[in-house]
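Colleague: turn this into a model:
(chains A and B)
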Amino acid sequence: MNTIEYFKERFDLLQSVHKDSGLDIIRQKAFNTFNKMGIPTTRHEEWKYTRISGLFNKEYQFPVTQTATSLSQKDLDAVRLPGHEQASELFFINGLFSFPLSVVRSEALVVMPLEEAAKNEYKDIVSKNFGHSSNYLKDGINALNTAFVQGAVFIHVKKGQIPEHPIYIYNITDARSGNILSQPRSLMHISENAQVQIVETYTTIGLEESFTNQVMEIIVEKDARVEYYKIQNDASHTNQVSTTHIRQVGKSYTHTVTISLDGGIVRNNLNVVLDAEYCEAHLYGLYFQQGQSHIDNHTVVDNVKPNCFSNELYKGIIDDNATGVFNGKIFVQPQAQKTNAYQSNKNVLLSDTASVNSKPQLEIFANDVKCSHGCTVGRLNEEGLFYLQSRGISEKIARSLLLHAFAVDILEHIKPEPIRKYVDKLISERLEFDIT
Amino acid sequence: MNEISTIEKTVLSEYKYGFVSDIEADEAPKGLNEDTVRFISAKKNEPQWMLEWRLKAYRHWSRLAGEEPKWPNVKYPPINYQDIIYYSAPKQKVDLNSLDEMDPELRRTFEKLGISLNEQKRLTGVAVDAVIDSVSIGTTFKVQLAELGVIFCSMSEAIQEHPELVKQYLGTVVPITDNYFASLNSAVFSDGSFCYIPKGVRCPMELSTYFRINAENTGQFERTLIVAEEGSYVSYLEGCTAPMRDENQLHAAVVELVALDRAEIKYSTVQNWYPGDKEGKGGIYNFVTKRGICRGESSKISWTQVETGSAITWKYPSVILKGDNSVGEFYSVAVTNNHQQADTGTKMMHLGKNTKSRIVSKGISAGVSNNSYRGLVHVSKKANNARNFSQCDSLLLGDKCGAHTFPYIEVKNNSAIVEHEATTSKIGEDQIFYCNQRGIDTETAVALVVNGFAREVMNQLPMEFAIEAQKLLAISLEGSVG
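Modeller: Here you go, the predicted model:
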């Protein structure tokens, strides 16, 4: 069992191996927090519907230093996404950034280990921004990631530049010879006037259990534009807590789409801080779960400055014994007048044993705002089904058609075409629905 | 009838905020321990089983000691439970201060509320069970109700005269271990109302209770139990006022409703306890547990509340929809101004088949107040075809107040349809301009818009309450436009 004592031992080892990395102080702070708070339980309001403490009852290996991977080229090719020939590809193996495997195919990008960036010409950016999300991550599980920061990556998009193709980030867990705890960490800095598309996936190789505890921080400067796509379709013996923290420090635009199709327990924390006037943020999510899987999407849109706009739409299809959880928070701080914030969560339950827990939440401290949220839970529209059937379409196909249409609302927000087609194919296959 | 007119005077004519009736009270010593519980029980001449029930609750509460719920979105200094007088009964010789002695400031508020003496007389069409500091000093219209078999009396009377009914239903909806304040109430409740509607009876009049906190440092621990037998109907009104005080006072009431087959209970509340002064000093802490159970098929429970008072409100009138085809409703207007804090909402627990619930919540915040809606809609596995619609809207007046929404939606049945929507906005400048242009000053215009905003809920109130509630809204928001 990975007890606090065990983590302590590993932590001391890490601190002694990676001395002077420029990150040891923040690691120490985070470890103290973890020590105090531990793994969140369901008594913690933020974790009311998602129980992860049980996942820590088993032993995990977790690497403290980088070792050469034993994965074959074939294994790696299998996880590659369509369109990878042009894209810049970054690999994390067991939570550690693998520099040798990664390929950067654009002049606009600077990619390097975070430890290095913390010492060279980017150190100001790193020291200013790394760990800034700590205010928003007040629980043990996020502290655990920060306490063991190493093999992290720093990605910088140069001022005014636009890489022609997206960045693909592959998180690979090699669980062939034991349970693995992997903790990927990245810091992205999108400079003024730059644009970037990021696509991230998670794959576990091997049959042992894996637990991924990821934290990604994205800083968006003035007039920059970011599209971030997260695709979760890992095996059902894998669990993950994935935290993405976006901070818009200048008038900028962000667009995130989170697609969760499989996995054991999957928890996503998406925090967007609108820390400048006239920021715009779009958050989309689709979860389509079956079997015993559990998907939990927690989002926060924190309006700190006036005149910002945010729009959020999460849709879920829950089948079998699966559970869906949604918690969307919109904060409007006292000074953030003229905020427009919208949020919507729609769920379809397909089986008697599926369940949904939704908590759309508004906390508003300014008066000149327009905020709304909506939430629905139901089954497929009977009238729609009848309409299609009355025109000679079988019930099975009619169902697939309606569910596909339900999903398309989100899919159409995936802008890189190969990725959209790829996700659409995954969904259509599950629906046994032929798009052609 | 002399006694009745006394009640009317006490209850209605002094229907004002700050003002202490100088009634000599028969008080328990300050503090809470087993002896206090025994004292209260003995004072009320209760049977052994009641005492044991109270003691059980007390023991549970003392095990929880110090663990007040921390999750509500409200802030207050810790309550010293040993510094409260748990029992205070007015002596029978009620010495009434007349209207003339009233503080002119209060008198004005009184006039604004429009409760003139004449109107009060008109209002006496309502059966009043007046509770002054925990003990019912009289019940009117009892005879008329008795003819129909309706029992409407104080809780202490019910314990003496209808122990079998009390024993059967008390604590079945809100168990003594339900929550911190419910346990406290179960241990020390001093009085309250008991209402029993027999099979097939449609109660001919609105039953009504006026609560009134009077003696200084007296917590008010009311216990209300309403049982509607098969096919019966009752509409119950509850109104609250409290005199002006500097120290915060605790009010931890419990209300239990039981609706059997095809019965309907409509429970309306207008709450205007003293909210504290403009600096947030004083005011009532209103920590109330209200819950109804639709036990029989096709039964219905409807909660309507207008909350304008209290420094802190913590209240979630809930319905357990156990019977098939039962219906639960919740209509609420909560207004907070100055330093008031409200965390209120409802819980709809869908257990039976074809159960329906509807939630309409309107929050209005002004000054530096915080107003939260917290609601739960739970659809259990067996609740086929459950239907819920929730709507919670917030209106913000002023740029220092907060409006928050915490809806919890838990659905475990795929035939359920649950909808929730919420909006937050302020009064449009165009709306104010439109009114100004037609010679309506800004303050009146705001009152107009607010009333329109709250109309959907106000319409649910019985006539007598609706007029008063509308005026209360305007008074609570006075001076909030600047």
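Colleague: all helices for the chain, in order.
Modeller: No chain specified, so I'll use chain A. A:4-17, A:24-37, A:73-79, A:114-117, A:123-129, A:140-147, A:382-390, A:395-411, A:417-430 (DSSP state H).
Colleague: meant chain B, my bad for not saying
Modeller: B:2-8, B:34-43, B:48-64, B:104-113, B:117-123, B:142-148, B:155-161, B:163-169, B:180-188, B:429-437, B:442-458, B:463-476.
Colleague: pick the most deeply packed of the ones you listed.
Modeller: The highest average neighbour count among the helices of chain B, using mean count of other Cβ atoms under 10 Å in any protein chain shown, belongs to helix B:180-188 at a mean of 26. Placement of C-beta: from N, CA and C, glycine included.
Colleague: among the helices of chain A, which gets the worst mean confidence?
Modeller: When the helices of chain A are ranked by mean pLDDT, helix A:4-17 comes last with a mean of 81.
Colleague: may I see the buried residues of it?
Modeller: Going by neighbour count (16 or more other Cβ atoms under 10 Å in any protein chain shown), the buried part of helix A:4-17 is A:7, A:10, A:11, A:14, A:15.
Colleague: skip the chain neighbours and tell me the closest residue to residue 256.
Modeller: Using chain A. Using Cβ to Cβ, 6 or more residues apart in numbering or on different chains and skipping the chain neighbours, the partner closest in space to residue A:256 is residue A:228 (4.6 Å).
Colleague: oops, I was thinking of chain B
Modeller: Closest to residue B:256 by Cβ to Cβ, 6+ apart is residue B:173, at 4.0 Å.
Colleague: can you list the low-confidence ranges for the stretch 1-150 of chain B?
Modeller: B:1-28, B:65-66, B:88-143 (pLDDT under 70).
Colleague: what parts of it come near chain A?
Modeller: Those residues of the stretch 1-150 of chain B that sit near chain A, judged by Cβ under 8 Å from any Cβ of the partner chain, are residue B:71.
Colleague: how about the stretch 1-150 of chain B: which residue is closest to chain A?
Modeller: residue B:71 (6.8 Å; Cβ to the nearest Cβ).
Colleague: which residues touch that residue?
Modeller: Counting by Cβ atoms under 8 Å, 6 or more residues apart in numbering or on different chains, residue B:71 touches residue A:45.
Colleague: again with residue A:330
Modeller: Residue A:330 is in contact with A:301, A:303, A:310, A:312, A:341, A:343, A:361, A:362, A:363, A:364, A:371, A:373, counting by Cβ under 8 Å, 6+ apart.
Colleague: among those, name the ones in strands.
Modeller: A:301, A:303, A:310, A:312, A:341, A:343, A:361, A:362, A:363, A:364, A:371, A:373 (DSSP state E).
Colleague: got the contact list for residue 418?
Modeller: Just so you know, I chose chain A. A:81, A:82, A:83.
Colleague: my question was about chain B
Modeller: A:375, A:376, A:377, A:378, B:377, B:379, B:386, B:387, B:388, B:390, B:409, B:411.
Colleague: the third one reaches residue B:411, doesn't it?
Modeller: When you say that, I think you mean residue A:377. Yes: with contact defined as Cβ atoms under 8 Å, residue A:377 reaches residue B:411; the gap is 4.4 Å.
Colleague: what touches both of the two?
Modeller: Contacts common to residue A:377 and residue B:411, judged by Cβ under 8 Å, 6+ apart, are A:347, A:349, A:356, A:358, B:379, B:418.
Colleague: bridged to the fifth one, which residues?
Modeller: On DSSP bridges, the residues paired with residue B:379 through beta bridges are residue B:350, residue B:411.
Colleague: how many residues are close by it?
Modeller: Neighbours of residue B:379 under the rule other Cβ atoms under 10 Å in any protein chain shown: 32.
Colleague: and if you look at the first one?
Modeller: Residue neighbour count, defined by other Cβ under 10 Å, stands at 26 for residue A:347.
Colleague: and it, bridged to which residues?
Modeller: Taking DSSP bridges as the rule, residue A:347 bridges to residue A:316, residue A:377.
Colleague: check contacts around it.
Modeller: Neighbouring residues of residue A:347 by Cβ under 8 Å, 6+ apart: A:315-318, A:324, A:326, A:356, A:358, A:375-378, B:411.
Colleague: distance to residue B:257, neighbour count and pLDDT added to those residues, as TSV?
Modeller: Output for those, formatted as TSV (distance: Cβ to Cβ, whole Å; neighbours: other Cβ atoms under 10 Å in any protein chain shown; pLDDT from 0 to 100):
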residue	distance to residue B:257	neighbour count	pLDDT
A:315	38	21	96
A:316	35	28	95
A:317	38	25	95
A:318	34	27	94
A:324	33	29	94
A:326	32	27	95
A:356	29	30	93
A:358	28	27	93
A:375	28	25	91
A:376	29	19	92
A:377	27	30	92
A:378	29	18	90
B:411	25	29	93
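Colleague: relative to residue B:203, which of these is nearest.
Modeller: residue B:411 (35.7 Å; Cβ to Cβ).
Colleague: so that closest one sits against residue A:356, correct?
Modeller: Yes: using Cβ under 8 Å, residue B:411 is in contact with residue A:356, at 4.8 Å.
Colleague: could you find the closest non-adjacent residue to residue A:150?
Modeller: Distances taken as Cβ to Cβ, 6+ apart place residue A:18 nearest to residue A:150, at 5.6 Å, with adjacent residues excluded.
Colleague: out of the helices of chain A, which is the most enclosed?
Modeller: Taking mean count of other Cβ under 10 Å, helix A:140-147 is the most buried of the helices of chain A, at a mean of 24.
Colleague: so which of the helices of chain A gets nearest residue A:271?
Modeller: helix A:140-147 (10.5 Å).
Colleague: dump that closest one to PDB, restricted to CA.
Modeller: In PDB, the C-alpha atoms belonging to helix A:140-147 read as follows (Å, rounded to 0.1, in the frame of the first residue of the first chain):
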ATOM      1  CA  GLY A 140      -4.000  16.500  -1.700                       C
ATOM      2  CA  ILE A 141      -4.100  14.800  -5.000                       C
ATOM      3  CA  ASN A 142      -2.900  17.900  -6.900                       C
ATOM      4  CA  ALA A 143      -0.300  18.600  -4.200                       C
ATOM      5  CA  LEU A 144       0.900  15.000  -4.800                       C
ATOM      6  CA  ASN A 145       1.700  15.800  -8.400                       C
ATOM      7  CA  THR A 146       3.500  19.000  -7.500                       C
ATOM      8  CA  ALA A 147       5.500  17.400  -4.800                       C
END
